[in-house]
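**Q** would you be able to build a 3D model of this:
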Amino acid sequence: MTLSGAAARRKKSPDHAEADRASALLDWYDRHRRRLPWRALPGHVSDPYRVWLSEIMLQQTTVKAVGPYFEKFTARWPTVAALGSASLDDVLRMWAGLGYYSRARNLHACAVAVLRDHGAAFPDSEDGLRALPGIGPYTAAAIAAIAFGRQTMPVDGNIERVVSRLFAVEEPLPKSKPQIQQLAATLLGASRAGDSAQALMDLGATICTPKKPACGLCPLNDNCAARTRGDQETFPRKAPKKTGTLRRGAAFVVTRGGELLVRTRAEKGLLGGMTEVPTSEWLAGHDDKAARAQAPVLTASRWHRKAGVVTHVFTHFPLELVVYTASVAARTRAPEGMRWVPIATLKDEALPNVMRKVIAHGLGD
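**A** Below you'll find the predicted structure:
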């Protein structure tokens with residue numbers, strides 16, 4: 001008498017069950033892997049530079065949004081040595097629009113460190129990678145596994161979702177992260193650690209999606225605790241989000257013929273090193289009169305307040321900016337710390353999205 005498939009699975013030891021899951025995952029990946037510009041083709045060795053660059057860009061950003069930026073960066077700087085020799089201003093200009101600009105500053109600092117301290121070769125261990133600027137535990141594990149085959153499992157948002165459903169992890173994020181990390185490691189194949197990680201990423205991106213997961217197509221569906229219960233869409237459990245306090249301020253759009261008055265933000269802090277039009281402080285206790293008093297001092301300028309406000313949401317707080325505009329004479333000098341730039345070439349400036357909104361509002365009819 002033979003055991004049914006389900007009964008046979010129940011008889012297997014935990015180690016055998018883990019091996020079966022890892023094997024099923026890799027078999028699925030070999031058939032359904034995504035073609036991504038930074039991913040090595042089957043049978044080819046991954047380039048650590050491309051893996052690192054993509055992982056930094058993908059933090060808090062979608063694959064669709066990252067694709068064009070990745071292509072631009074690798075065309076301009078095809079190696080870490082080339083990027084490490086570039087200026088921070090050039091890197092920020094190329095990054096403009098991708099958001100979370102501290103990543104761009106860390107990206108440049110990391111490339112400089114790899115060139116200066118490691119002969120333009122990335123360290124091949126998690127510890128060595130974590131010592132570099134801007135590389136945390138996840139990114140170090142991802143590079144170590146994908147580029148160097150180290151037996152480690154990086155856990156991103158897609159993998160968190162897959163694992164939390166597979167094992168029905170009840171504790172909410174972020175407290176459940178250590179448990180999810182341990183469980184994710186059980187899905188590593190005996191070899192091909194990088195493929196195991198990328199398989200889970202692809203599974204979360206294409207099958208085990210946040211809404212309406214395609215469980216019937218999942219290679220792990222027979223072993224999924226959440227699917228058995230029928231509540232897979234409720235995972236991962238998440239603690240309630242805290243909403244930041246609304247901040248307000250004023251932005252000053254000043255033109256001199258076909259030029260715009262801008263300045264560079266301080267290197268450290270929010271939007272560090274990026275280009276902006278002059279603004280007041282952004283405060284929860286905003287006061288229109290105090291904000292207006294922070295306008296740049298320009299001879300014979302008359303300020304006009306534009307109707308409406310510009311809104312933007314940062315990670316930790318929402319922002320509303322009132323926009324004031326002024327036009328000045330052709331030979332007006334820029335105040336100290338500011339400069340005139342041609343409006344026609346603004347696309348080449350390192351302007352964050354919030355400033356592009358402000359400028360569009362200020363220059364619009």
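**Q** number of nearby residues for the closest residue in space to residue 304 that isn't next to it in sequence?
**A** Nearest residue to residue 304, sequence neighbours excluded (Cβ to Cβ, 6 or more residues apart in numbering): residue 325, at 5.2 Å. Where you see a C-beta, it was placed from the backbone N, CA and C, and this is true even at glycine. Neighbour count for residue 325, taken as other Cβ atoms under 10 Å: 20.
**Q** how far off centre is the lengthiest helix in the chain?
**A** Scanning the chain for the helix with the most residues, using DSSP state H, yields helix 14-32. Here helix 14-32 is found 29 Å from its chain centre; the criterion is Cα atoms, centre = their mean, to the nearest Å.
**Q** just stretch 34-51 next, same as before
**A** Distance, centroid of stretch 34-51 to centroid of chain: 19 Å (Cα atoms, centre = their mean).
**Q** got the CA coordinates for that stretch in PDB?
**A** What follows is stretch 34-51, C-alpha atoms only, in PDB (Å, rounded to 0.1, in the frame of the first residue of the first chain):
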ATOM      1  CA  ARG A  34      12.300  37.700 -14.900                       C
ATOM      2  CA  ARG A  35      14.700  39.300 -17.400                       C
ATOM      3  CA  LEU A  36      16.000  42.400 -15.700                       C
ATOM      4  CA  PRO A  37      18.700  44.800 -16.900                       C
ATOM      5  CA  TRP A  38      20.900  44.200 -13.900                       C
ATOM      6  CA  ARG A  39      20.400  40.400 -13.700                       C
ATOM      7  CA  ALA A  40      23.000  38.000 -15.200                       C
ATOM      8  CA  LEU A  41      21.700  35.600 -17.800                       C
ATOM      9  CA  PRO A  42      21.600  31.900 -16.900                       C
ATOM     10  CA  GLY A  43      25.000  30.400 -16.700                       C
ATOM     11  CA  HIS A  44      26.700  33.800 -16.500                       C
ATOM     12  CA  VAL A  45      28.400  35.300 -13.400                       C
ATOM     13  CA  SER A  46      26.800  38.300 -11.800                       C
ATOM     14  CA  ASP A  47      28.700  41.700 -11.900                       C
ATOM     15  CA  PRO A  48      28.900  42.900  -8.300                       C
ATOM     16  CA  TYR A  49      28.800  46.500  -9.500                       C
ATOM     17  CA  ARG A  50      25.500  46.000 -11.300                       C
ATOM     18  CA  VAL A  51      24.000  44.000  -8.400                       C
END
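**Q** list the buried ones in that stretch?
**A** By 16 or more other Cβ atoms under 10 Å, the buried positions in stretch 34-51 come out as 36, 38, 39, 40, 46, 47, 48, 49, 50, 51.
**Q** low-confidence ranges, this protein, go.
**A** 1-15, 300, 365 (pLDDT under 70).
**Q** repeat that for 80
**A** 1-17, 241-243, 299-301, 365 (pLDDT under 80).
**Q** residue closest to the middle of it?
**A** Nearest residue to the geometric centre of the chain (Cα atoms, centre = their mean): residue 59, 2.4 Å.
**Q** how much space between that residue and residue 353?
**A** Per Cβ to Cβ, to the nearest Å, residue 59 is found 16 Å from residue 353.
**Q** now swap in residue 279 and tell me
**A** 15 Å.
**Q** what do you get for residue 248?
**A** 18 Å.
**Q** between those two, which is the more surrounded one?
**A** residue 248 (20 against 13).
**Q** identify the bridge partners of the more buried one.
**A** Note on residue 248: beta-bridge partners residue 283, residue 320, judged by DSSP bridges.
**Q** can you check the one 5 residues further on too?
**A** Under the criterion DSSP bridges, residue 253 forms beta bridges with residue 325.
**Q** I'd say it and residue 360 touch.
**A** No - counting by Cβ atoms under 8 Å, residue 253 does not reach residue 360; the two are 9.7 Å apart.
**Q** neighbour-wise, which of those two wins?
**A** residue 253 (24 against 12).
**Q** ok, residue 333 - how many residues close by?
**A** So residue 333, with other Cβ under 10 Å, has 11 neighbours.
**Q** do the one 10 residues further on as well
**A** Other residues near residue 343 number 14, with proximity taken as other Cβ under 10 Å.
**Q** tell me the contacts of it?
**A** By Cβ atoms under 8 Å, 6 or more residues apart in numbering, the contact set of residue 343 is 255, 258, 259, 260, 363.
**Q** and which of the residues you listed is nearest to residue 150?
**A** Taking Cβ to Cβ as the measure, residue 260 is the one of the contacts of residue 343 closest to residue 150, at 48.7 Å.
**Q** what about that closest one, which helix or strand?
**A** According to DSSP states H and E, residue 260 maps onto strand 259-264.
**Q** now for that strand, which elements pack on it?
**A** strand 247-256, strand 275-276, strand 338-342 (3 or more Cβ pairs under 8 Å, 6 or more residues apart in numbering; DSSP states H and E).
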